[in-house]
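Colleague: Sequence first, then the predicted structure:
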Amino acid sequence: MKTSNVQKVTKFHLEGLKEVLDSSALFPSEYLDDMISDYFINPDSEDIWFTYMLNDRPIALGYCVPEKFTNGTFNLYAIAVHGAYQGKGIGKEMMLYIEKLLTQAGKRVLLVETSSQPRYDNTRAFYHKIGYTAQAVLPHFWDEGDDKVIFYKKLLSTRQKLY
């Protein structure tokens, strides 16, 4: 799959993105309208919303924001692939896209946060596989017994090869 299928989100994509969220159970799709509204109305927004398109339909969603009070550090708050398309390399293509976009913009670091729960074992393995390091664990962050695991990756200069 090619990164050319990955693009920034437009209002046209909203209903399809809600289907992605419902399928992946990342978070309730009814939250999307509020979460993305500033991105659409604020020309100065540094939020990055991106999607993977297949046959003119969004089948994945990504959301990345700058970390306040840092120089060039971003946090990937959300990445989801429609359940019917998981395990086909789309998540990796999405990560390549955001890493390349940030690298070309001179950004330095990308963080990703996830849960320690067993149902996220594959998620954590995915981040390890694509070069992220579990840098911190915050105990009982999401809930009792549900730790936040923070992954870190130093972005490469545009002269270095991704993966």
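Modeller: Yes, it's here.
Colleague: Can you give me the distance of the residue lying farthest from the centre of the chain to residue 25?
Modeller: Going by Cα atoms, centre = their mean, the residue of the chain most distant from its centre is residue 144, 25.0 Å out. Remark: distance between residue 144 and residue 25 (Cβ to Cβ, to the nearest Å) = 21 Å. Where you see a C-beta, it was placed from the backbone N, CA and C, and this is true even at glycine.
Colleague: correct me, but residue 73 touches residue 65?
Modeller: No: Residue 73 lies out of contact with residue 65 (Cβ atoms under 8 Å); the separation is 10.2 Å.
Colleague: hang on, the earlier thing: what about the residue farthest from the centre of the chain, distance to residue 136?
Modeller: Counting by Cβ to Cβ, the gap from residue 144 to residue 136 is 19 Å.
Colleague: does residue 49 belong to a helix or a strand, and which?
Modeller: Assessed by DSSP states H and E, residue 49 sits inside strand 48-54.
Colleague: Could I get the full set of helices for this structure?
Modeller: 14-24, 32-41, 90-104, 121-129 (DSSP state H).
Colleague: and of these, who's closest to residue 80?
Modeller: With Cβ to Cβ, the closest approach to residue 80 among the helices of the chain belongs to helix 14-24: 3.9 Å.
Colleague: Give the buried residues for the closest one.
Modeller: 16, 17, 18, 19, 20, 21, 23, 24 (16 or more other Cβ atoms under 10 Å).
Colleague: Figure out how far that helix is from the centre of its chain.
Modeller: Computed by Cα atoms, centre = their mean, to the nearest Å, the chain-centroid distance of helix 14-24 equals 14 Å.
Colleague: Give me the helices and strands touching it, please.
Modeller: Judged by 3 or more Cβ pairs under 8 Å, 6 or more residues apart in numbering; DSSP states H and E, helix 14-24 is in contact with helix 32-41, strand 48-54, strand 57-66, strand 73-81.
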